[in-house]
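> how does the following fold in three dimensions:
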Amino acid sequence: MAVSSHRRLLSQPPPTLPPSSSPSLHRSLSSPCQTPPRLPFLDLLAGGLHSLVAQASFFLSSGALPTPIPGGSPLGAFQLSSFAILKPSSSSSSSSSCSYAALREVAAFLLDHRDFSGVPPTALVLFSPSNSPPWATASLQRYVPHSCDAADLGPSTFTVRSVHRIAILDVRLLNLDRHAGNILVQRGGELVPIDHGLCLPQRLEDPYFEWLHWPQSSVGLSQEEMEYVQRLDPFEDLEVLRRELPMLAEQSGRVLVVCTIFLKRAVAAGLTLADVGAMMTRDLSGQSELERVCRQAAAAVAVELHCEAEISGGSGGGGEEGGVVGCLVQRKPPKVPMKKGRKEEESGKGKVVGGRTKSVSSSCVLKVSQDGCISFKRMNEEEWQLFLEAFGELLPAAFERRRRNKQGRIVTSCSF
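Predicted structure coming up:
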């Protein structure tokens, strides 16, 4: 009996108070209800460094404020306490060249094998100040303690070793902006390279190497440095970029290959880094020796493929995808070079090589924009391989010209 009455009580709805007796519930005027602020969001995209990203994410989510760095990137640079530098590159929907800055920062770290040049550890992250769109790609770099930058001191205090290692990196990556302000100086004169957002351009452009006129760059390379350069594999490096940073333009990887081959062959020929930098920098004619060799190599490929030169008016204004001023366009069926002993027969539809018909597309062999910058974008894979072969064959003569010109300047200066 007691059990059934208990069940009836549980099944009944709870009693309600009459309206007159209901308590008056007022929201406190002293502590209004507020939506909690959205905290910054950080997520790893490439480059590894999980511990650094986790440390930065914890720092931002704790509500700590990053410190703006004067004179940073166009979208700002921020210091996270004393352990990292965050550089937003652009929104995820942006297509401007600025969007590649973070990718290039990470690429410089990935290509600095065995920490040879001392590029600080750098990761590519997705960043939002409020954990909501718009999202931005950013580089997150380990902060390096330093006393000043190279602009505050004269080069006489720097070690030859540090200057050489930064120069080797800059030549490989065709750094367009190696000024004294983005070289940190540590105790003892050791140098740390930072700010690589303008390396690995999509075209051969005119670089700026601050170290070019420092006396250390005219000193011959040490045995360790020569061995490091000779171990470099540009095609392996290209695969690293394709695997780790597939968003980076393919033509930037081709610039890396050309510049690394140029460095390796120059060092093997006994040239100094000052020689290499000078040959990559444009002279009063508006061209560098490297650009001249590239044009000669492209012309050799054009002859090999039965191409004709064509001048076409461009509509570009000097950007990375500016108008084409001069390109080599195929007009006839190509003649594909073959190894000795292989049979070549003519057919009405093209070349028959070893029983197979081979053809090359009608893309441009070489693209030159209105500002004189060379792009390898229009080369197909076969044209690219032929270009590299011709490029390598032309380098010894270019290096010999450099040696003769140096000797001529020395004789002329001594005569005074």
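> ok, how many other residues are close to the nearest residue to residue 179 once chain neighbours are set aside?
Distances taken as Cβ to Cβ, 6 or more residues apart in numbering place residue 210 nearest to residue 179, at 5.1 Å, with adjacent residues excluded. Quick note: C-beta positions are derived from backbone N, CA and C, even for glycine. Using other Cβ atoms under 10 Å, residue 210 has 23 neighbouring residues.
> and residue 41, what are its phi and psi?
Dihedral pair for residue 41: phi -120, psi 140, per degrees, to the nearest 10.
> pLDDT value on it, please?
pLDDT, the model's per-residue confidence, is 72 for residue 41.
> would residue 125 count as being in a strand?
Yes. Counting by DSSP: H, G, I helix; E, B strand; the rest coil, residue 125 is part of a strand.
> ok, now which ones touch it?
By Cβ atoms under 8 Å, 6 or more residues apart in numbering, the contact list for residue 125 reads 42-45, 53, 56, 86, 137-140.
> from residue 212, how far off is residue 169?
According to Cβ to Cβ, to the nearest Å, residue 169 and residue 212 sit 14 Å apart.
> let me fix that: residue 295
Using Cβ to Cβ, we find residue 295 at a distance of 23 Å from residue 212.
> who has more neighbours out of these two?
In terms of neighbours (other Cβ under 10 Å), residue 212 is the more surrounded of residue 295 and residue 212; the figures are 19 against 16.
> for the more buried one, which non-adjacent residue is spatially closest?
Per Cβ to Cβ, 6+ apart, closest to residue 212 is residue 277, 4.3 Å.
> so what does the host helix or strand of the one you found touch, helix or strand wise?
Residue 277 belongs to helix 273-280 when assigned by DSSP states H and E. Helices and strands touching helix 273-280, by 3 or more Cβ pairs under 8 Å, 6 or more residues apart in numbering; DSSP states H and E, are helix 160-173, helix 250-268, helix 289-304, helix 381-415.
> could you tell me the least trusted of those?
The weakest mean pLDDT among those belongs to helix 381-415, with a mean of 82.
> flag every buried residue along that helix.
By neighbour count on 16 or more other Cβ atoms under 10 Å, the buried set for helix 381-415 is 382-384, 386-388, 390-391, 395, 398-399, 402.
> ok, stretch 366-381 next?
Quick answer for stretch 366-381 (16+ other Cβ under 10 Å): 366-379.
> neighbours around residue 78, how many?
Per other Cβ under 10 Å, the neighbour tally for residue 78 reads 19.
> which residue is the nearest non-sequential neighbour of it?
Nearest non-adjacent residue to residue 78, counting by Cβ to Cβ, 6+ apart: residue 66, 3.7 Å away.
> return the distance of residue 112 relative to residue 367.
In terms of Cβ to Cβ, residue 112 sits 30 Å off from residue 367.
> an error on my part: the question was meant for residue 385.
Distance of residue 385 to residue 367, given as Cβ to Cβ: 17 Å.
> so where's the stretch 201-350 of the chain uncertain?
The model of the stretch 201-350 of the chain has pLDDT under 70 over residues 306-350.
> my guess is residue 190 meets residue 157, correct?
No. Contact criterion Cβ atoms under 8 Å: residue 190 and residue 157 do not qualify, at 10.4 Å.
> comparing the two, which shows the higher neighbour count?
More crowded of residue 190 and residue 157, by other Cβ under 10 Å: residue 190, with 15 against 10.
> what's that one in contact with, if anything?
118, 159, 162.
> list only buried entries from the residues you listed.
With neighbours counted by 16+ other Cβ under 10 Å, the contacts of residue 190 contain buried members at 118, 162.
> tell me the contacts of the closest residue to residue 188 other than its chain neighbours?
Leaving aside its sequence neighbours, residue 188 sits nearest to residue 159 (Cβ to Cβ, 6+ apart; 7.5 Å). Counting by Cβ under 8 Å, 6+ apart, residue 159 touches 188-191, 216.
> buried subset of those, written for PyMOL?
Typed into PyMOL, the line below selects the buried ones among these, using 16+ other Cβ under 10 Å:
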select buried, resi 189+191+216
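> just put the contacts of residue 159 in JSON lines and tack on secondary structure and distance to residue 256.
JSON lines is the format used below for the contacts of residue 159 (DSSP: H, G, I helix; E, B strand; the rest coil; distance: Cβ to Cβ, whole Å):
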{"residue": "188", "secondary structure": "helix", "distance to residue 256": "31"}
{"residue": "189", "secondary structure": "helix", "distance to residue 256": "29"}
{"residue": "190", "secondary structure": "coil", "distance to residue 256": "26"}
{"residue": "191", "secondary structure": "strand", "distance to residue 256": "22"}
{"residue": "216", "secondary structure": "helix", "distance to residue 256": "24"}
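> from the contacts of residue 159, pick the one nearest residue 254.
Using Cβ to Cβ, residue 191 is the member of those that lies nearest residue 254, at 28.8 Å.
> report the beta-bridge partner residues of that closest one.
residue 185 (DSSP bridges).
> that one contacts residue 118, doesn't it?
Yes. Contact between residue 191 and residue 118 holds when scored by Cβ under 8 Å: they sit 7.3 Å apart.
> which neighbours do those two share?
Going by Cβ under 8 Å, 6+ apart, residues that sit against residue 191 and also against residue 118 are 162, 165-166.
> format those residues as JSON lines; extra columns: distance to residue 304.
Formatted as JSON lines, the shared contacts of residue 191 and residue 118 follow (distance: Cβ to Cβ, whole Å):
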{"residue": "162", "distance to residue 304": "43"}
{"residue": "165", "distance to residue 304": "38"}
{"residue": "166", "distance to residue 304": "38"}
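> doesn't residue 89 lie inside a strand?
Yes. Judged by three-state DSSP, residue 89 forms part of a strand.
> that one: how many residues sit nearby?
With other Cβ under 10 Å as criterion, residue 89 counts 25.
> excluding covalently adjacent residues, which one is nearest to it?
Spatial nearest neighbour of residue 89, excluding adjacent residues (Cβ to Cβ, 6+ apart): residue 102 at 3.6 Å.
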